[in-house]
Structures are given as C-alpha cells and as structure tokens.
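[1] Got a predicted structure plus its sequence, pasted below:
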Amino acid sequence: MRIVVQKFGGTSVATPESRLAAASHIERARSDGYSVVVVVSAMGRRGDPYATDSLLSLLDGTDGVAKREADLLMACGETISAVVFAGVLRSRGHAVTVLTGAQAGIVTNGEFGNARIVDIRPDHILAKLNEGQIVVVTGFQGADETGELTTLGRGGSDTTATALGVALSAEVVDIFTDVSGIMTADPRIVKEARQLEQVTYNEICNLAYQGAKVIHPRAVEIAMQRNIPIRVRSTHSEDLGTLVTQSAHQLEHGALVNQNAWGIAHTANVAQIRVEGEGVGTSSIFALMAERGISVDLISVTPQQVAFTVADEVADVAIRLLDELGYQPQLRRNCAKVSVVGAGMTGVPGVMARIVTALAQEKIEILQSADSHTTIWVLVDGSHMVAAVRALHRSFCLAAAMV
Ligand code: ASP
Ligand code: MG
C-alpha cells in the first residue's frame, strides 16, 4: 500500500470553499494510487467559533480549570473539524472513517497541554485503509496509557501528521496551509523573495523557529528521524510547494545551486540582556532562567560579560530575577533577530564577512551574533530589521536562482 498523509490547517478547513479545495487534493492523491490519511486542525482562526483560541476563550473569567479539562475542551475543535470534513468527503461519494487521536492509536505521555507522542499503534487506521476508506484523524491530540485525553501543544496537528507518516511509512506528508511554500524571505518585507523548491529538515527548522510559522519544528524533527519527506503546499493551488528532505537542495530548476545561503528569517520583539563583571555566575543565571520557564536564546559568554536574548514579554521578569541575584543587568528592548539559513554554508569561508559587510553598508550595528552549521544569527535594533533582511537578501543574491 502506498500511503500519503495530508494535513490541512485551520484556514484550509475553515469554509465550504476551502474544504472543497482540500477534498480535491485528497481525490488527486487517490487517483494517483495512494491510500490517504487526512489530519485536520480546528476550523479557522481566533474569533471563528470552533477555532482553538475561541474554545479557550470560553474559559476567560473562570478560575481553576484543570489542564486536563482544558485538553478536553481544546480537543473538541479538531473533533468538530474532522466530522464536518468527513461529511464533505462522504457527500462526494467517498467511504470515510473519522478517528480521534486515541482511536487512531496515538499514545502520549501524561503531560496535559503539551504531551509528547510515545507510541503509535496504527492497526485501526491500516484496517480502514485496507477497506479502501479515507481515514480522517483529528490533529493535535492523543491519549496516555490510562486513556486520559491529551493535547500535543499549540500547533500540534503538524506533529500528528508527521508522526502518523512515520508510523505508516508514508511516502510523503503533505502540510497544506495558506502559503504556497517556503520563501527565501518574508515576501511582505522583500518583494523579490521567491519560493524554494527544496530545503532540508535542518534548514526549515531554523526558519520555523524564526517565525516562518508554516510548520511546527517538533513535526519536522519527527519526520527527520525516519527520513519521511514533507511537502509544504497551498490548499488553493496544484503547485507541489516546497519539498523538505534530508539531503541538501542540490538541484533547483534543474541546475546546481551555486550559493552558500538560501533564506533570510527574522524575529521581532526580542530583548537583549547583558550582565557585566568579573566571574559572572553564568551557570546560576541560566539555571534560574530555566527554573522560571524563561527561554533564553542567543547566548554569548566572555569572562567579563554574559549576554543573551529573551522574548520581549518576559524581559521584565528576567530582569527582576537578575536583580534579586544581586546583578546589575542591562536591558535593551525592541531588538530583532535576523538569520541567514542554509545548509550550503557549512565550511564555506566568508559567509560571516559577507553578512558584516552587507550590514555595515547600511550602517546597521550588530549587537550580538551566533552561528550553527546551517544558520548565522545576528541581533540588530528593531528599527533596522526590515533594512537588514533586505540587505542580506540582496547580498546573498537570493532573488534569482543562480546557475
Ligand atoms: N488547533 C491547534 C492549535 O491551534 C492545533 C493546530 O492547529 O495545529 O494550536
Ligand atoms: Mg499550524
């Protein structure tokens, strides 16, 4: 059996028109000979009646709702969506079975609101596929070993899709969304930004973490472990979107891509915190942040100084904690993190030099930087974010595929 998993996000199942567009992708896959497992998110976005945020807002003003109960509430969004979507498929003549996460065999740990998948028992799905049915699975949920319903954390439907892809050895996992694929930069900022045909798991993870909110990083990690290809594509187009795989994107438009970097990502609303002084207690600072659930990003440590970034909204709490430890932290708000992402940059000299030059020409100061084998991050003042993204996009010649 050749299996594909097709996941439709909230906007892809929000209206009768988008549900029809979604159904046509499923029909295409079936006519191409695939058995199809469909994963759906809750319908629509905040404000739409059955979206996850809308369901959660029913709890506004109440007190003491246990996480366990919030999970029961949130899981309704995907359940509603799956049943409505199955209705569309059935009225188009297909045999369909709807399964909740638990019925689909998704076993999680017991961490309500942010559960991890620990096992998938796909017998039920496979039996229905063998009967020629389309199986529609509610995204974002599972059950622990005792049968307690759990949710996988916000954005978790992507994780359902890739985890099922792995469990079923799917040929590909399609993530249908409202963008047509992965772009070289945010097209609202860079008008020459173009869509990429192929990226690696690592590259997309770096972009996803950066605010290109097309796919949840955890979903990518799961697919990566078993090398299951993902396609990020638009519900409203036949285009195959961007293929995400293990190997570097060697071929684009049939030509070898001769460039060291392929994407520029950005995150606004970052705060930089600096603590100076001989022998700053680095481990105590980071242990404290971790203990209080503050996620720390770009970190630079020298014998005289520790600098790191946090999300703007937690900066005050972080500063207060450092004050309590007896430090005199300095805070710089409204920074932005801009990154150059590309597996092709590994071992290539001069990438950092190019970044520094491009930014210097625009008189943009680099406040801090960090790098991994696929990404270089620079921190700049927030007022320079747009100019920095544009300058780097230009400098790395991302507007045109290079031959
Ligand atoms: N509906 C859930 C959320 O809004 C899960 C998802 O859409 O991936 O977070
Ligand atoms: Mg999502």
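    Right, received. Where do you want to start? Ligands and ions are numbered 1, 2, ... in the order given.
[2] Get me the contact residues on the stretch 101-250 of the chain for ligand 1.
    139-140, 154-158 (CB under 6 Å from any ligand atom). Where you see a C-beta, it was placed from the backbone N, CA and C, and this is true even at glycine.
[3] Let me have those residues in TSV, extended by secondary structure and distance to Asp297.
    What follows is these, written out as TSV (DSSP: H, G, I helix; E, B strand; the rest coil; distance: CB to CB, whole Å):
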residue	secondary structure	distance to Asp297
Gly139	coil	28
Phe140	coil	26
Arg154	coil	19
Gly155	coil	19
Gly156	coil	22
Ser157	helix	26
Asp158	helix	22
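[4] Can I get the buried part of the residues you listed as one PyMOL selection?
    Per 16 or more other CB atoms under 10 Å, the buried members of these correspond to this PyMOL selection:
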select buried, resi 139+140+155+156+157+158
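[5] Can you name the two of the residues of the stretch 101-250 of the chain next to ligand 1 that sit furthest apart?
    Greatest spatial distance in those: Gly139 and Arg154, 11.5 Å, computed using CB to CB.
[6] any weak-confidence spans in the protein?
    208-212, 248-261, 279-280, 399-403 (pLDDT under 70).
[7] Show me the helices in it, by range?
    Ranges of helices within the chain are 16-31, 52-57, 67-91, 123-130, 157-167, 201-209, 217-225, 282-291, 315-324, 351-361, 385-395, based on DSSP state H.
[8] what residue is smack in the middle of the protein?
    His216 (2.6 Å; CA atoms, centre = their mean).
[9] Tell me how far that one lies from Val107.
    Remark: distance between His216 and Val107 (CB to CB, to the nearest Å) = 19 Å.
[10] can you check Val232 too?
    Distance, Val232 to Val107, by CB to CB: 27 Å.
[11] Compare these two (neighbour count), which wins?
    Neighbour count, other CB atoms under 10 Å: between Val232 and Val107, Val232 has more, with 27 against 17.
[12] can you pull up the bridge partners for the more buried one?
    Residues in a beta bridge with Val232, per DSSP bridges, are Ile175, Thr242.
[13] Contacts only, for whichever residue of the stretch 201-350 of the chain sits closest to ligand 1.
    Ligand 1 sits closest to His216 of the stretch 201-350 of the chain, with a gap of 7.0 Å, by CB to the nearest ligand atom. Going by CB atoms under 8 Å, 6 or more residues apart in numbering, His216 touches 155-156, 158-159, 208.
[14] phi, psi of it?
    phi -70, psi 130 (degrees, to the nearest 10).
[15] Can you report how many residues lie near Ala14?
    22.
[16] and the closest residue to it other than its chain neighbours, what is it in contact with?
    Among residues not flanking Ala14 along the chain, Gly44 sits closest, at 4.1 Å (CB to CB, 6 or more residues apart in numbering). Going by CB under 8 Å, 6+ apart, Gly44 touches 10-11, 14, 50-51, 54.
[17] what's the spacing between His373 and ligand 1?
    29 Å (CB to the nearest ligand atom, to the nearest Å).
[18] repeat for Ala14
    11 Å.
[19] Roughly how far does that residue sit from Gly155?
    Distance of Ala14 to Gly155, computed by CB to CB: 16 Å.
[20] next one: Ser247
    With CB to CB as the criterion, Ser247 and Gly155 are 26 Å apart.
[21] Ok, Ser283 next?
    32 Å.
[22] Tell me the one among the contacts of Gly44 nearest to Asp297.
    Gly10 (27.3 Å).
[23] isn't the closest one right up against Ser41?
    Yes - using CB atoms under 8 Å, Gly10 makes contact with Ser41 at a distance of 4.5 Å.
[24] Compare neighbour counts for those two and give me the winner.
    Ser41 (29 against 26).
[25] could you give the angle of the strand ranked longest in the chain to helix 282-291?
    Counting residues, the longest strand found in the chain (DSSP state E) is strand 263-276. Following axes from the mean of the first three to the mean of the last three CA atoms, to 10 degrees, one obtains 120 degrees for the angle between strand 263-276 and helix 282-291.
[26] Quick check: buried residues in strand 263-276?
    263-267, 270-275.
[27] Just list whatever residues bridge to Val380.
    Ala336.
[28] if I look at it, how far off is Ala358?
    12 Å.
[29] before we move on, what about Thr162?
    To Ala358, Thr162 is 35 Å away according to CB to CB.
[30] and if you look at Ile366?
    On the measure of CB to CB, Ile366 and Ala358 end up 11 Å apart.
[31] the more surrounded of those two?
    Using other CB under 10 Å, the more surrounded residue of Ile366 and Ala358 is Ala358, with 19 against 16.
[32] contacting residues for the more buried one?
    Counted by CB under 8 Å, 6+ apart, Ala358 has contacts 391-392, 394-395.
[33] repeat for Val38
    Taking CB under 8 Å, 6+ apart, one finds 5-8, 26, 85, 89, 134-137 in contact with Val38.
[34] Check Gln103 too.
    Applying CB under 8 Å, 6+ apart, we find Gln103 in contact with His124.
[35] neighbours of Asn206, just the number please.
    24.
[36] Verify the contact between it and Asp371 for me.
    No - Asn206 lies out of contact with Asp371 (CB under 8 Å); the separation is 11.0 Å.
[37] re earlier: ok now the longest strand of the chain, how far from the chain's centre?
    Centroid separation for strand 263-276 versus its chain: 19 Å, with CA atoms, centre = their mean, to the nearest Å.
[38] Between helix 315-324 and it, find me the angle.
    30 degrees.
[39] partners of strand 263-276, with directions?
    Counting by DSSP bridges, strand 263-276 is paired with strand 305-311 (antiparallel), strand 330-341 (antiparallel).
[40] All set, thanks.
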